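Asker: fold the following.
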Amino acid sequence: MAVDPPHRCFSLDGRVALVTGSSAGLGRATAKCLGLAGAKVAMNYANTSARAEEARAELRSAGIAAEMFRADVTSESDVDAMFTSIEKSLGAVDIIVVNATPSQPLKPIEEYDWAFYQQMLDFFVKSPFLLARRGLPGMKQRRHGRLINITSEVFMLGVSPFSAYVAAKGGQIGWSRSMSRELAPDGITVNMIAPGWIPVERHDGDPQSEKDNYFATIPVGRWGKPEEVGWAATYLASDEAAFVTGQTIAINGGKTCW
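Answerer: Sure, this is the predicted structure:
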């Protein structure tokens, strides 16, 4: 049996990766992991410029070629302008990690309105659609591409009262599964990462009782780390994962079995 010559596994040298919502939290960690694997990283934010600049500086201090792009990823015009800017400064996008998210309050259905449901759908169905549609022509031409959607364990668990978020994540998962089959003949993979509750900055104000209750359900007995999501994304983005598509990796210490 022929064996390829030795090489650095999971190398992303020469690739350009876009990570949405990467000024903080899981997105920031994922952007850094992809960069440490060799990718040039297009970071994205929508609101807080100072935090975005700090995130870019962190990656650059680690020797990563990183640029930051401001865009509302639910806006078609913003997405198009962002891709144009990335292509000019870093090159064509090979890897898209869809991570950006709005606030996620838990409310009984009587306290939601359709505008909130629509916001969830815009982030988790419209955004992946817009990003993919803009990036796919180049990926198809090169016969290589990676779409990685950050979904959530909440769909499998049916978490409540959380219907708007869970419904939108279900839509994102269904879209990803369908697209994985549609794009497979073009050398483009579509996969999902479903994190559990991994504490990041936005969880700082969460009640300790809620944290304790969740922690008690994690089989491995520890909290997940943001970079563990990032390294899973690095694998899915690599050439070694070229035969993996339509799949979900749950990063939650065994809380769900897909």
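
Asker: can you list the strands that the helix or strand containing Leu18 pairs with?
Answerer: Assigned by DSSP states H and E, Leu18 belongs to strand 16-19. In the sheet, strand 16-19 lines up against strand 40-45 (parallel), strand 95-98 (parallel) (DSSP bridges).

Asker: and the first one, average pLDDT?
Answerer: For strand 40-45, mean pLDDT rounds to 98.

Asker: so for the very next helix or strand once past that strand, mean pLDDT?
Answerer: On the C-terminal side of strand 40-45, the closest following helix or strand by DSSP H and E is helix 49-61. Here helix 49-61 scores 96 as its mean pLDDT.

Asker: what residues sit buried inside helix 49-61?
Answerer: Residues of helix 49-61 classed as buried: Ala52, Ala55, Arg56, Leu59 (neighbour count, 16 or more other C-beta atoms under 10 Å). For the C-beta atoms, the positions are set from N, CA and C on the backbone; glycine is no exception.

Asker: do stretch 239-256 as well
Answerer: Ala241, Thr245, Gly246, Gln247, Thr248, Ile249, Ala250, Ile251, Asn252, Gly253, Lys255.

Asker: look up how far Gly196 lies from the closest residue to the first one other than its chain neighbours.
Answerer: If I follow you right, that is Ala241. Distances taken as C-beta to C-beta, 6 or more residues apart in numbering place Tyr235 nearest to Ala241, at 5.5 Å, with adjacent residues excluded. Distance check for Tyr235 against Gly196: by C-beta to C-beta, to the nearest Å, it reads 18 Å.

Asker: and the helices in the stretch 51-200 of the chain?
Answerer: Using DSSP state H, counting those that start in this stretch, the helices of the stretch 51-200 of the chain run over 76-89, 114-121, 127-142, 154-157, 163-183.

Asker: give the other helices and strands that the longest one contacts.
Answerer: Read it as helix 163-183. Judged by 3 or more C-beta pairs under 8 Å, 6 or more residues apart in numbering; DSSP states H and E, helix 163-183 is in contact with helix 114-121, helix 127-142, strand 145-150, helix 154-157, strand 188-195.

Asker: tell me which of those sits most buried.
Answerer: strand 145-150 (a mean of 26; mean count of other C-beta atoms under 10 Å).

Asker: that one vs helix 163-183, what angle?
Answerer: Taking axes from the mean of the first three to the mean of the last three C-alpha atoms, to 10 degrees, strand 145-150 and helix 163-183 form an angle of 160 degrees between their directions.

Asker: helices or strands next to strand 145-150 in the packing?
Answerer: helix 25-36, strand 95-98, helix 127-142, helix 163-183, strand 188-195, helix 226-237.

Asker: let's see it as PDB, backbone CA atoms only.
Answerer: Output of strand 145-150 as PDB, limited to C-alpha atoms (Å, rounded to 0.1, in the frame of the first residue of the first chain):
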ATOM      1  CA  GLY A 145     -13.600  24.300   0.800                       C
ATOM      2  CA  ARG A 146     -14.600  23.900   4.400                       C
ATOM      3  CA  LEU A 147     -17.900  25.100   6.000                       C
ATOM      4  CA  ILE A 148     -18.000  24.600   9.800                       C
ATOM      5  CA  ASN A 149     -21.100  25.600  11.600                       C
ATOM      6  CA  ILE A 150     -21.000  26.100  15.400                       C
END
